[in-house]
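Participant: The sequence and its predicted three-dimensional model are supplied below.
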Amino acid sequence: MTSTTQAQKSGAVRAHPDHLGHVVFIAAAAAMGGFLFGYDSSVINGAVEAIRDRYDIGSAALAQVIAIALIGCAVGAATAGRIADRIGRIRVMQIAAVLFTVSAVGSALPFSLWDFAFWRVVGGFAIGMASVIGPAYIAEVAPPAYRGRLGSFQQAAIVIGIAISQLVNWGLLNAADGDQRGRLMGLEAWQVMLGVMVVPAVLYGLLSFVIPESPRFLISVGGRERAREILKEVEGESVDLDARVAEIESAMKSEHKSTFKDLLGGSFFFKPIVWIGIGLSVFQQFVGINVAFYYSSTLWQSVGVDPTDSFLYSFTTSIINIVGTVIAMIFVDRIGRRPLALIGSVGMAVGLAFEAWAFSFDLVDGKLPATQGWIALIAAHVFVLFFALSWGVVVWVFLGEMFPNRLRAAALGVAASAQWIANWAITASFPSLADWNLSATYMIYTVFAALSIPFVLKYVKETKGKALEEMG
């Protein structure tokens, strides 16, 4: 019997939980890892200039301190899956929650620049773990009929986390009279900004104790009865639980564990489809999107914007990011992944080009001329909007769908690693590039946005409406 036929017999495809609100709560609790992913990734935006001033460091050293968290991200993402297969999904969430908490406290109370960098790596490791375990857990617990919608909680949580971090930063800066190094609660304002993350980190840890373990993991370690109970809880009493357990066991036995060796071939080391996945990941980062989330406050202050207003603009950019993500979630299954990516590429190129033009003007009394200042601000929001409604979501959809079954896990790992490396390259290089020529830096990002158009047209195939078995 095929797994599809078995799923139909068991009722899994049509399963509707008796208490949908409870299932939504489980998915939302798991997605708290995504919230912390977004929060921890972007909260540093509020501390960049204070760190530069407190430790009296140049742009190159500052960039390394900001970007070093991405090393932890890569390691956390690479190891989370294997750890979860050994000790369970819930335990990995709890480990991530502890690391987020420790990182928040350590980053808020550093003894020196070097231990601050260490706590950044610890936080990065937690981000990497959360980026993997959240979507995996939700996919394994969610009823098939609701899997897509519940799976979108992770991306929604990430962009909300980014926005909330910027709102908190803005509020704390106002409380400190616009000074990142102003005193709040016995600490400097930037330290409080980083320390506040303790609250959602502890909440994440507490929630992990009240949601069930993945039935798939339980079956893999012999916990069939507990797996039956959880399947009944999340899929409803009408489901044939014995058939569902048998279906999961059958699927696990037939899975091909893809390895790095499976990816090799072709004339350039990797198979062509793997290079396309790497290309999507690299283009997603090389348009400079994380500059908007790691350095936007610094960027606006560098062209004369008041610090408090620069934090407000960072928050409004995050709101635009949420709006764009919602648009992508609505249209990705309607108009397709490829058209959405092309629309986004055009919009990003236009927004970035206008930013490059605006930043090419000389400052007057430490500020951009009024017209150029407004154009730069509007163009920055346009860029983020078009990224969020396209490449921010579409790349992850492509990477989850485009690879043949026998390659998927290993190829996705390579593409995700390429994304973290590209993210690091942009994050580490921006301060020095901005010191050299801010306008030229944005022209570089514009060129990558423009080049992504022929890349998609020539190499990327539409995956909308295709079964995963058709890929390859």
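Facilitator: Thanks, I have it.
Participant: Low-confidence bits of the stretch 301-450 of the chain, can you list those?
Facilitator: 405, 409 (pLDDT under 70).
Participant: Now do the helices in it.
Facilitator: Remark: helices assigned in the stretch 301-450 of the chain by DSSP state H, counting those that start in this stretch are 307-331, 337-359, 370-388, 391-401, 408-459.
Participant: wait, what's in contact with Arg54?
Facilitator: Arg54 sits next to Arg181, Glu188 when contact means CB atoms under 8 Å, 6 or more residues apart in numbering. Every C-beta, even on glycine, is put in place using the N, C-alpha and C of the backbone.
Participant: Next one: it from Asp309, what distance?
Facilitator: 22 Å (CB to CB, to the nearest Å).
Participant: wait, doesn't Glu235 sit right on Arg244?
Facilitator: Yes - Glu235 is within contact range of Arg244, at 7.1 Å (criterion: CB atoms under 8 Å).
Participant: Same drill for those two, tell me which one is more crowded.
Facilitator: The neighbour count for Glu235 versus Arg244, taken as other CB atoms under 10 Å, is higher for Glu235 (27 against 24).
Participant: any idea how far the more buried one lies from Val221?
Facilitator: Distance from Glu235 to Val221, by CB to CB: 20 Å.
Participant: same question, Pro339
Facilitator: Pro339 is 44 Å from Val221, by CB to CB.
Participant: Would you mind telling me which of these two has more residues around it?
Facilitator: Legend: neighbour count by other CB under 10 Å for Pro339 and Val221, higher for Pro339 (17 against 14).
Participant: got a list of what Ser214 touches?
Facilitator: Taking CB under 8 Å, 6+ apart, we find Ser214 in contact with Gly88, Arg89, Ile90, Tyr137, Glu140, Val141.
Participant: Show me the two of those residues that sit farthest apart.
Facilitator: Spanning the widest gap among those are Gly88 and Val141, at 12.4 Å by CB to CB.
Participant: quick revisit: please convert the contacts of Ser214 to JSON lines, extending it with secondary structure.
Facilitator: Listed next are the contacts of Ser214 as JSON lines, based on DSSP: H, G, I helix; E, B strand; the rest coil:
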{"residue": "Gly88", "secondary structure": "coil"}
{"residue": "Arg89", "secondary structure": "helix"}
{"residue": "Ile90", "secondary structure": "helix"}
{"residue": "Tyr137", "secondary structure": "helix"}
{"residue": "Glu140", "secondary structure": "helix"}
{"residue": "Val141", "secondary structure": "helix"}
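Participant: filter those residues to the buried ones?
Facilitator: Gly88, Arg89, Ile90, Tyr137, Glu140, Val141 (16 or more other CB atoms under 10 Å).
Participant: I'd like the distance between the fifth one and Gln155.
Facilitator: This means Glu140. 17 Å.
Participant: correct me, but Ile322 touches Ala163?
Facilitator: Yes - between Ile322 and Ala163 there is a contact at 5.8 Å, judged by CB under 8 Å.
Participant: who touches the residue nearest to Ser59 when sequence neighbours are not counted in this structure?
Facilitator: With sequence-adjacent residues excluded and distances taken as CB to CB, 6 or more residues apart in numbering, Ser59 is closest to Pro431, at 3.6 Å. Counting by CB under 8 Å, 6+ apart, Pro431 touches Ser59, Ala60, Leu62, Ala63, Ile66, Tyr295, Thr298.
Participant: Identify the residue with the minimum pLDDT among those residues.
Facilitator: Confidence by pLDDT is poorest for Thr298 among these, given 79.
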